[in-house]
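>>> Next come a sequence and a model predicted from it.
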Amino acid sequence: MKRVQAACICQTLHFFQKDEVSKERNEKLSREEIEKYKQSLEHAKTEYKILEETKQDDGSIVIKVIKQYNNSPIGDYLK
């Protein structure tokens with residue numbers, strides 16, 4: 001028999017806009033989308049930690065996040 005003792009998922013997410021927009025507008029919209037993403041995690045009571053946030057030349061943003069997986073215990077992953 002096996003049982004999950006701890007589980008997290010590490011993701012790299014690229015936030016960008018499909019439409020041709022200026023660099024500044026792209027960054028503003030991407031930041032808003034990141035805030036909505038964080039709120040959705042908090043609403044779902046998913047524990048998470050943003051490891052890295054990198055602004056790209058076109059104004060888009062790439063984040064690396066580690067988050068709780070399927071309400072499993074997180075162990076030492078987020079310390």
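Noted; the coordinates are in hand.
>>> State the phi and psi torsions of the residue nearest the centre of the chain.
For the chain, the residue lying nearest the average C-alpha position, counting by Cα atoms, centre = their mean, turns out to be residue 65 (4.7 Å). Summarising the backbone geometry of residue 65 under the convention degrees, to the nearest 10, its torsions are phi -130, psi 140.
>>> Pairing partners for it in the sheet, please.
Per DSSP bridges, the residues bridged to residue 65 are residue 11, residue 50.
>>> got the contact list for it?
10-11, 13, 48-51 (Cβ atoms under 8 Å, 6 or more residues apart in numbering). For every residue, glycine as well, the C-beta is placed using N, CA and C.
>>> what's the answer for residue 54, then?
Contact partners of residue 54, counting by Cβ under 8 Å, 6+ apart, are 61-63.
>>> What is the nearest of these to residue 44?
When these are compared for distance to residue 44, the smallest value, 17.3 Å, is given by residue 63; criterion: Cβ to Cβ.
>>> Helix, strand or coil: sort out that closest one for me.
When states are read from DSSP: H, G, I helix; E, B strand; the rest coil, the local structure at residue 63 comes out as strand.
>>> Ramachandran angles for the spatially closest residue to it that is not a sequence neighbour?
Nearest residue to residue 63, sequence neighbours excluded (Cβ to Cβ, 6 or more residues apart in numbering): residue 53, at 4.9 Å. Listed backbone geometry of residue 53 is phi -130, psi 120, with angles given as degrees, to the nearest 10.
>>> Give me the neighbour count for residue 53.
By the criterion of other Cβ atoms under 10 Å, residue 53 has 13 neighbours.
>>> wait, it sits on residue 60?
No. Counting by Cβ atoms under 8 Å, no contact exists between residue 53 and residue 60, whose distance comes to 11.5 Å.
>>> Residues contacting whichever strand or helix holds residue 34, please?
Per DSSP states H and E: residue 34 is located in helix 23-43. Outside helix 23-43, the residues within contact range by Cβ under 8 Å, 6+ apart are 13, 15-17, 21, 48, 53, 55, 57-61, 63, 67.
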